[in-house]
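Enquirer: Here is my input; please provide its structure:
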Amino acid sequence: MAKTPEQLDELLKLVRDEDIATLRALERRLHSLLEQKERAEAIRRQGETDRDELSKRCPNVPIDPDLLTLVGIHPENPIKEDKALIRGIIARRLTD
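Expert: So this is what the prediction gives:
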């Protein structure tokens, strides 16, 4: 949700008179927050792309979007294992 220029000015007024150390700490935290949000957005976009690709390949197979968000998020699980897990879950859902 974008802020208006006036709202941004109000936020800046809150920190305008702070010392350099406080401003540096705020900068680090803002940068960290920005990186987190960018990663989350990239994951969300990739999930949509993956879902679109799977829908093209398998138009009649419903795939749970929550399942796609799990793909590759655990570094200890190689992608091959993630794929096997997903295939198993999809197969069970198709036979139920």
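
Enquirer: what's the spacing between the most far-flung residue of the chain relative to its centre and residue 3?
Expert: The C-alpha centroid of the chain is most remote from residue 17, which lies 34.8 Å away (Cα atoms, centre = their mean). Residue 17 is 21 Å from residue 3, where distance means Cβ to Cβ, to the nearest Å. The C-beta positions use only the backbone N, C-alpha and C, and glycine is treated the same way.

Enquirer: What distance do you get for the residue farthest from the centre of the chain to residue 24?
Expert: Residue 17 is 15 Å from residue 24, by Cβ to Cβ.

Enquirer: Now for residue 50, how many residues are close by?
Expert: 16 (other Cβ atoms under 10 Å).

Enquirer: Quick check: which element contains it?
Expert: Element membership of residue 50 [criterion: DSSP states H and E] is helix 20-57.

Enquirer: For that helix, what does the pLDDT average out to?
Expert: The average pLDDT within helix 20-57 is 86.

Enquirer: if I look at the residue farthest from the centre of the chain, how far off is residue 23?
Expert: 10 Å.

Enquirer: Next: residue 54.
Expert: 46 Å.

Enquirer: who has more neighbours, these two?
Expert: Between residue 54 and residue 23, residue 54 has the larger neighbour count (other Cβ under 10 Å), namely 15 against 12.

Enquirer: Would you confirm that the more buried one contacts residue 63?
Expert: Yes - using Cβ atoms under 8 Å, residue 54 is in contact with residue 63, at 5.6 Å.

Enquirer: Check the gap between the residue positioned nearest the centre of the chain and residue 57 for me.
Expert: Centroid check for the chain by Cα atoms, centre = their mean gives residue 40 as the closest residue, at 2.3 Å. According to Cβ to Cβ, residue 40 and residue 57 sit 26 Å apart.

Enquirer: next one: residue 1
Expert: 35 Å.
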